[in-house]
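> Fold the following and give me the result.
(one chain, ligands or ions: 1)
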Amino acid sequence: MIRNVRLRSILGEFKIEDHTIMYHKFMPKFYNFCLEQGMDPEKITPSRAFCSDESQGLPIILMSKHFGAFPFDHGLVGGIMAHGRHAPHAHHGKDLVILQASHVGYEPRTQRFGRYRRLQTEDQHFSSNCGAIHATLEWYLDELKFAQNNIQMQIVDEKLLITIDKELIEQDYEEGLFLNLETLVEHDEITGDLLPPVKILSTSRVYPASQELMDYLKESDCKFSETPKPIGRCLHPSMFSFKRDQTQFTNMQRNLHEYLPWVVTSGNPMLSAAEINVQIEFDKAYRSIVREESYHCKNLIYIAGLNIDYSPTTGQHFPLSQFVPWAAYIQKSNGEHKVLEQDQLYEALMACSSKNKDQVNLDDMLWD
Ligand SMILES: [Zn+2]
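Take a look at the predicted model:
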């Protein structure tokens, strides 16, 4: 069935508009939020679970400045949290703070997500950001492109016909994009078998489009005519799935795999992937923190969100990073605990002052 659902109805809506905070304002607010929750200014061990990318430098420097301590490294490539590091973090402070973020580049001139200027390269060229997300998506985007270009739509004698590459019909491969053929091609309602093709070509077969596909197209802005045209972006995520050997999956692939049809067909695959990674990581990390004995009877605040790295221009040393909070887990030493959802968390942070009387001057600290 073509499920015309949006990803937000599966994972919850990740809001960016009106939910971003400039990092230089976010970090003092975060610090004041921790004090508001009863943390002791002298006893906080901050921790960050960020990607290893140099674009994540400014948030780490600001965290050191506002919390007065260099943050413990809780992060793996792609902003994945290293759950095995909970115990050492727990042992390094009375009150514990964890900030976790996936990241995505943003090029303001073109308003494109996923691009970032590498000022330190010879020609200051743009490259993908986050590189780990880009590397994860590349294979899936190539598979999608092949399918989008090798399924053709055409109206013949007022009937919508669909021409599909033989390889995509036979699906005689272990890994790749697998079409949900019954959503695309007219088939026997009882057995589910495809009706015979109306024409067999050298590398493809032509079928009458399914009623389901015609109904979907009628409600969309996809229009086809007598001239054959690739299905392109009209290939909806519920019309296919991906299969891949999962034994070698990275944590990032594990997080994203199920949602990749939606990610790769979205207008901004890098942004969509980063958002989903945050959502899945918060859910997983929250559970691992709750179960971690070393964290029991400790004050702990864990915030997860998205770092948007504004691509720097010549002369800028750091990107103008923004933070989009997603959710927070707050635990008190007496056992009380709660989760703040995106709107509640954003409002709670915005209610905190962006002035921090305890912030340290990093130059002074080096020589005292
Ligand atoms: Zn990265």
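
> what's near enough to touch the most centrally placed residue in the chain?
Centroid-nearest residue in the chain: residue 274, 2.0 Å away (criterion: CA atoms, centre = their mean). The contact partners of residue 274, by CB atoms under 8 Å, 6 or more residues apart in numbering, come to 79, 102, 103, 104, 130, 133, 306. All C-beta spots, glycine's among them, are computed from the backbone N, C-alpha and C.

> 7 Å - rerun?
102, 103, 104, 130, 133, 306 (CB atoms under 7 Å, 6 or more residues apart in numbering).

> Roughly how far does it sit from residue 286?
Distance from residue 274 to residue 286, counting by CB to CB, to the nearest Å: 18 Å.

> Ok, residue 246 next?
For residue 246, the distance to residue 286 - CB to CB - is 24 Å.

> Okay, and residue 353 sits in which element?
If you go by DSSP states H and E, residue 353 is not part of any helix or strand.

> Run through the bridge partners of the closest residue to residue 199 other than its chain neighbours.
Residue nearest to residue 199 in three dimensions, not counting chain neighbours: residue 206, with 4.1 Å by CB to CB, 6 or more residues apart in numbering. Residue 206 has these beta-bridge partners by DSSP bridges: residue 163, residue 199.

> Quick one: residues contacting residue 206.
Taking CB under 7 Å, 6+ apart as the contact definition, residue 206 lies against 161, 163, 197, 198, 199.

> go again using 8 Å as the cut-off
With CB under 8 Å, 6+ apart, residue 206 has these contacts: 161, 162, 163, 197, 198, 199, 200.

> number of nearby residues for the nearest residue to residue 48 once chain neighbours are set aside?
Among residues not flanking residue 48 along the chain, residue 71 sits closest, at 4.4 Å (CB to CB, 6+ apart). Neighbourhood size, residue 71 [other CB atoms under 10 Å]: 22.

> just the one 5 residues further on next, same as before
Burial of residue 76, expressed as a neighbour count using other CB under 10 Å, amounts to 19.

> Over to residue 189?
7.

> Now do the same for it: helix, strand or coil?
Here residue 189 is coil, with the state taken from DSSP: H, G, I helix; E, B strand; the rest coil.

> What's the end-to-end length of stretch 76-93?
22 Å (CA to CA, to the nearest Å).

> does any bit of that stretch sit next to the ion?
No - using CB under 5 Å from the ion, no contact is recorded between stretch 76-93 and the ion, whose separation bottoms out at 5.8 Å.

> Would you mind listing the buried residues in that stretch?
76, 77, 78, 79, 80, 81, 83, 85, 86, 89, 90, 93 (16 or more other CB atoms under 10 Å).

> Switch those residues over to CSV; also include secondary structure and distance to residue 210.
As requested, the buried residues of stretch 76-93 are exported to CSV (DSSP: H, G, I helix; E, B strand; the rest coil; distance: CB to CB, whole Å):
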residue, secondary structure, distance to residue 210
76, strand, 43
77, coil, 42
78, coil, 38
79, coil, 40
80, strand, 40
81, strand, 43
83, helix, 45
85, helix, 51
86, helix, 50
89, helix, 54
90, helix, 56
93, coil, 60
